[in-house]
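K.L.:
Fold the stuff below for me.
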Amino acid sequence: MNVMEHPVFRRFWYPVMPLSHLEAGPRRFVLLGEPLVLFLDADGVPAALEDRCCHRSAQLSLGDVCQGRVACPYHGWQYDRTGQCVHVPQMPDRDPGPKRRVRAFHCDTRYGYAWVALEDPIYRIPAIPEAGEPDFELIQEFYEEWKVAGLRVMENELDMAHPSYVHLGTFGSPEHLVARDAHIEEFDGGFHYTGRLGVTQAHHAQEDANERFLDCSWFAPFVCRLRINYADGGPAHVIVNCQVPIDHGRSQVVQFCLQQDDGGGFDREALLAFDRKVTLEDKHVLESTDPDMPLDPRGEKHMESDKPGLVIRRMMERLIDEHESVASV
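P.N.:
Numbers count the residues shown, from 1 in each chain. Next comes the predicted model:
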């Protein structure tokens, strides 16, 4: 499956840019092959426009922000968050008029990121319940480009058969090859997954063997929330992994976590180092996979523990069929 060939992927929210990156001025991001400029308006709210001035096509992301408007670096034309040109320095007393404008895109903020949808979104930005709980702290972890298809990463997040091979350097246990008591409950636009997996280390007691109680949610197409509790108690650790499709075979990896403080505090640096090592173990393998992930189950061979990934494929195939068939009528 190639995300560039399916218009439905333009109808989802993606966390394209940390808000902190916009504090120094406009920034460029390519989403599904669409060059964007992101900036903060006069109220400090992120906005997303096409990264191309309607005058002589210069990249707006090379310019500056003036009174909450992005200014072209070539001749200084200024655009508001709706894409309307509101000021031409060479014609200060003239209204630029409605024809001097660029395309604007849906843009919102959540979890410290500017989220963008290129067309009317099918679903809302995924709700992460722990983000509203006072005993959880949100921690930004990783923001980087990988040479991998987003669905490959989503499938990997819920594949409980790979830790005993890929993650032997962190938490994987060769004695626990699959999750126990795995259960999937679907909802509109995703599913809830629960299960148990034996591990060699835990986030809060990294030297001890333990068992993970998994409480996970997948949100179409590329957001996965994994809540990890341990058999011996201790604080919960929630990982939110998002894949932002740059184009076919390239994704921006956005990961943040929510760590529960049960009153004893926690070692932030050790936590980040542990999650980083796990992520790099995944990257080593995932960047070797074929970006043309077949949605048809007959395209690859499977085993029983692959069920979460097969549900992802089936639900994505259904979304593509439903929304693209309607668009073609």
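K.L.:
phi, psi of the most centrally placed residue in the chain?
P.N.:
Geometric centre of the chain, nearest residue: C242, 2.3 Å, by C-alpha atoms, centre = their mean. Backbone torsions of C242, given as degrees, to the nearest 10, read phi -130, psi 140.
K.L.:
If we ignore the residues flanking it in sequence, what's nearest it?
P.N.:
V254 (4.2 Å; C-beta to C-beta, 6 or more residues apart in numbering). Any C-beta I mention is one placed from the backbone N, CA and C, and that applies to glycine too.
K.L.:
Ok, H162 next?
P.N.:
According to C-beta to C-beta, 6+ apart, the nearest residue to H162 is N156 (6.7 Å).
K.L.:
Now do the same for that neighbour: its pLDDT.
P.N.:
pLDDT recorded at N156 is 96.
K.L.:
Quick check: the gap between it and V8.
P.N.:
N156 sits 22 Å away from V8 when distances are taken as C-beta to C-beta, to the nearest Å.
K.L.:
Which residues does stretch 164-184 contact?
P.N.:
160-161, 163, 191-202, 209, 212, 214, 274, 277-278, 281-282, 284-285, 304-305, 307-308, 311 (C-beta atoms under 8 Å, 6 or more residues apart in numbering).
K.L.:
what packs against the helix or strand bottoming out on mean pLDDT in the chain?
P.N.:
Lowest by mean pLDDT, DSSP states H and E among the helices and strands of the chain is helix 307-328, with a mean of 87. On a contact count with 3 or more C-beta pairs under 8 Å, 6 or more residues apart in numbering; DSSP states H and E, helix 307-328 meets helix 150-157, strand 180-187, strand 190-199.
K.L.:
Show me what the second one pairs with in its sheet, parallel or antiparallel.
P.N.:
Looking at strand 180-187 with DSSP bridges, its partner strands are strand 190-199 (antiparallel).
K.L.:
surely the residue nearest to the centre of the chain meets P15?
P.N.:
Yes: contact criterion C-beta atoms under 8 Å: C242 and P15 qualify, at 5.3 Å.
K.L.:
quick check: angle from the least confident helix or strand of the chain to helix 150-157?
P.N.:
Going by axes from the mean of the first three to the mean of the last three C-alpha atoms, to 10 degrees, helix 307-328 is angled at 150 degrees with respect to helix 150-157.
K.L.:
In helix 307-328, which residues are buried?
P.N.:
Using 16 or more other C-beta atoms under 10 Å as the test for burial, helix 307-328 gives 307-309, 311-313, 315-316, 319-320, 323.
K.L.:
Mutual contacts of C242 and P15, please.
P.N.:
V254.
K.L.:
Would you mind splitting this structure into its domains for me?
P.N.:
7-117, 129-318 (automatic domain parsing).
K.L.:
And these: which comes nearest M1?
P.N.:
Evaluated with C-beta to C-beta, these place domain 129-318 nearest to M1, the distance being 5.4 Å.
K.L.:
Start and end of the closest one, how far apart?
P.N.:
27 Å (C-alpha to C-alpha, to the nearest Å).
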